[in-house]
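Trainee: got a predicted structure plus its sequence, pasted below:
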Amino acid sequence: MNETVTPTAAVPVPIPTTDPRVARAIELIWREAELLDRKAYEAWDALYTDDGFYVIPIDPEAERFDDILNMVYDDARMRRMRVARMTEGYAIAAVDAARTVRTVSRFVPESVSDDEVVVRSAQVLVAYKRENHDLWAADLVHRIRLSPDGPAGDRIVQKIVRLVDSESAVPAAGFLL
């Protein structure tokens with residue numbers, strides 16, 4: 001009896017989360033979550049590069065965001081405008097904003113270099129307002145630019161928030177995801 005051995009495709013070796021560059025990216029992602037829960041929106045915006053984007057797509061499969069309808073597609077100018085609305089009382093939802101607590105976990109590094117780290121993760125956010133709790137769940141992708149000056153200079157180039165219910169009616173949040 002002859003057996004035919006079929007070569008199998010090599011399974012890519014996962015990038016460990018213990019890689020110091022990945023650890024720096026995860027620390028920045030956690031810092032971002034803390035700033036958002038504390039409503040420190042100016043400090044949150046400062047975590048982004050000048051060419052950075054904050055995106056919440058509607059289409060869960062979208063890879064390009066500049067030519068489709070998104071819930072949020074903010075460059076630096078739009079982020080600053082959003083922060084102004086959230087902090088200067090221009091948005092009714094922000095005046096009586098929910099208290100939030102979020103957990104970001106399940107970190108999976110997609111790519112790592114000395115200049116940039118791309119990390120997928122999961123976020124569960126609980127928002128409390130007017131005796132009600134709302135649950136927001138999302139898959140995140142962060143593209144982090146690593147600074148040669150160390151972790152304090154690391155910045156977010158892109159954050160994609162893929163809500164699990166993005167194709168359903170999503171209520172106005174009054175907070176940032």
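Mentor: Yep, it's here. Computed from a predicted model, the values in this text were never measured in an experiment.

Trainee: so what's the gap between the longest helix anywhere in the chain and the chain middle?
Mentor: Using DSSP state H to define each element, the chain has its longest helix at helix 20-37. How far helix 20-37 lies from its chain's middle: 10 Å, per Cα atoms, centre = their mean, to the nearest Å.

Trainee: buried sites along it?
Mentor: Neighbour-count burial for helix 20-37, counted by 16 or more other Cβ atoms under 10 Å, picks out 21, 22, 24, 25, 26, 28, 29, 30, 32, 33, 35, 36. Any C-beta I mention is one placed from the backbone N, CA and C, and that applies to glycine too.

Trainee: tabulate the residues you listed (TSV), appending pLDDT and distance to residue 117.
Mentor: Output for those, formatted as TSV (pLDDT from 0 to 100; distance: Cβ to Cβ, whole Å):
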residue	pLDDT	distance to residue 117
21	98	5
22	98	6
24	98	7
25	98	4
26	98	9
28	98	9
29	98	10
30	98	14
32	97	14
33	97	17
35	97	19
36	95	20
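
Trainee: including distance to residue 141, could these go into a markdown table?
Mentor: Formatted as a markdown table, those follow (distance: Cβ to Cβ, whole Å):
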| residue | distance to residue 141 |
| --- | --- |
| 21 | 16 |
| 22 | 14 |
| 24 | 17 |
| 25 | 11 |
| 26 | 13 |
| 28 | 14 |
| 29 | 11 |
| 30 | 16 |
| 32 | 13 |
| 33 | 15 |
| 35 | 19 |
| 36 | 16 |
